[in-house]
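Visitor: Provide a 3D model corresponding to the input given below.
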Amino acid sequence: MRTMATQHNDELLIPPTVSVGIVVPPPPSIPPTKDDVERALRYKNMVESTLSSGPGFMATQDDLAAINAYYISIRQRYLQSGGLGDVSLSDALAEVMNVIRALDAKFDTRFTDLDRKFNQLDRKFTDQFNQLDRKFTDQFNQLSQLMTSQVDMTGVLVQNMVSGRATVIASYRDQAIATNRNATARNQPGVEVPFLDGTSPSSTGLPAVRDAAGIAHLNVNQAREYAVGHGFGDVRTAAGIKDRLRAELGSPSNNGAELGWEQ
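Guide: Residues are numbered from 1 along each chain as shown. Here you go, the predicted structure:
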């Protein structure tokens, strides 16, 4: 038997050709119009009318099944589209313009109301901002002082960019160590001393060490990773690693006093 394949709503419906000599109508629009549905119904009725004809002029059961399935499909497609295919372009544009005009009127009203509320919020925000500005001024000044040393190191780094990566890294490490010595003297935290390859320890997942207290919180494995990064991975004891780390940090050694690490 001839069957019609299942079609999606965005596929073209093709009218089936029957065995009797009836002109096949053109394919319907996408989506189908009312005229397409009526045309399919007339085609179906014409095929069914041949049942009263003699042999050779009568449609087969396959013909009847195919045309009936076609008519049902096109009718269902039309109903699912809600008759969208019957709407002309000019009608659709007119409806769109009506919707736009209605939205424009609503927008004007909403905009006026929002403008008033915005002005209220703006005044409130200005007052709160002024309060926050006064509150954080002191904190900003403190931060600015802490960042001064970092800015100085950055300046040195920029000046030495032409010297090559190794020279730049060495200069940056020297500046960081000098900064930490000054910070230690003032009992303030310093900055991270980069590894020999230029990476910062914290960027590799290690805890950042900026003063001697930070060394005490390192476990054995972390301390040994620091030792390798700073180029003294041959030091095996916790006391030796600690002394070297304190030197790299820019703090004086305490002659091997333990900070709780295993030997």
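Visitor: Show me what the helix or strand containing residue 227 packs onto, helices and strands only.
Guide: Here residue 227, judged by DSSP states H and E, is contained in helix 220-229. Packing partners of helix 220-229 (3 or more Cβ pairs under 8 Å, 6 or more residues apart in numbering; DSSP states H and E): helix 238-249. Bear in mind the C-beta positions are built from the backbone N, C-alpha and C, glycine included.
Visitor: could you redo the last one with a cut-off of 10 Å?
Guide: helix 212-216, helix 238-249 (3 or more Cβ pairs under 10 Å, 6 or more residues apart in numbering; DSSP states H and E).
Visitor: ok, how many other residues are close to the residue nearest to residue 50 when sequence neighbours are not counted?
Guide: Nearest non-adjacent residue to residue 50, counting by Cβ to Cβ, 6 or more residues apart in numbering: residue 59, 4.6 Å away. The number of residues packed near residue 59 is 20, by other Cβ atoms under 10 Å.
Visitor: Just to check, residue 59 is in contact with residue 19?
Guide: Yes: Residue 59 sits in contact with residue 19 when judged by Cβ atoms under 10 Å, with a separation of 6.6 Å.
Visitor: anything in contact with each of these two?
Guide: When Cβ atoms under 10 Å, 6 or more residues apart in numbering defines a contact, the residues bordering residue 59 and residue 19 alike are 47, 50.
Visitor: What residues of the helix or strand containing residue 71 count as buried?
Guide: Using DSSP H and E, residue 71 sits in helix 61-80. Going by neighbour count (16 or more other Cβ atoms under 10 Å), the buried part of helix 61-80 is 63, 64, 66, 67, 70, 71, 73, 74, 77, 78.
Visitor: Could I get the average pLDDT for it?
Guide: Helix 61-80 comes out with an average pLDDT of 91.
Visitor: try stretch 112-125
Guide: Mean per-residue pLDDT for stretch 112-125: 83.
Visitor: ok, and what's touching that stretch?
Guide: By Cβ under 10 Å, 6+ apart, the residues outside stretch 112-125 that reach it are 107, 111.
Visitor: chain center to it: distance?
Guide: Put simply, stretch 112-125 sits 32 Å off its chain's centre (Cα atoms, centre = their mean, to the nearest Å).
Visitor: name the element the residue nearest to residue 50 belongs to?
Guide: Using DSSP H and E, no helix or strand contains residue 59.
Visitor: Who are the contact partners of the nearest residue to residue 63 once chain neighbours are set aside?
Guide: Spatial nearest neighbour of residue 63, excluding adjacent residues (Cβ to Cβ, 6+ apart): residue 18 at 4.0 Å. Contacts here follow Cβ under 10 Å, 6+ apart; on that basis residue 18 touches 2, 24, 43, 46-47, 50, 59-60, 62-64, 66-67.
Visitor: now, among the residues you listed, which is nearest to residue 233?
Guide: residue 2 (82.0 Å; Cβ to Cβ).
Visitor: Skipping adjacent residues, who's closest to residue 176 in space?
Guide: residue 193 (4.6 Å).
Visitor: ok, then the element right after the least confident helix or strand in the chain by mean pLDDT?
Guide: Least confident element among the helices and strands of the chain, by mean pLDDT, DSSP states H and E: helix 89-159 (a mean of 74). The element immediately downstream of helix 89-159 (helix or strand, assigned by DSSP H and E) is helix 165-185.
Visitor: So for that next one, what gets flagged as buried?
Guide: In terms of neighbour count (16+ other Cβ under 10 Å), helix 165-185 has its buried residues at 168-173, 175-177, 179-180, 183-184.
Visitor: Just the C-alpha atoms of it, please, in CSV.
Guide: Extracted in CSV, the C-alpha atoms of helix 165-185 (Å, rounded to 0.1, in the frame of the first residue of the first chain):
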residue,chain,number,x,y,z
ARG,A,165,64.0,37.6,31.5
ALA,A,166,66.6,36.2,33.8
THR,A,167,68.0,39.7,34.6
VAL,A,168,64.5,41.0,35.2
ILE,A,169,63.5,38.2,37.5
ALA,A,170,66.8,38.5,39.5
SER,A,171,66.2,42.3,39.9
TYR,A,172,62.6,41.7,41.0
ARG,A,173,63.7,39.1,43.5
ASP,A,174,66.4,41.5,44.9
GLN,A,175,63.8,44.3,45.2
ALA,A,176,61.3,42.0,46.9
ILE,A,177,63.9,40.9,49.5
ALA,A,178,64.9,44.5,50.2
THR,A,179,61.3,45.4,50.6
ASN,A,180,60.7,42.6,53.0
ARG,A,181,63.7,43.5,55.1
ASN,A,182,62.3,47.0,55.6
ALA,A,183,58.8,45.5,56.3
THR,A,184,60.3,43.2,58.9
ALA,A,185,62.0,46.1,60.6
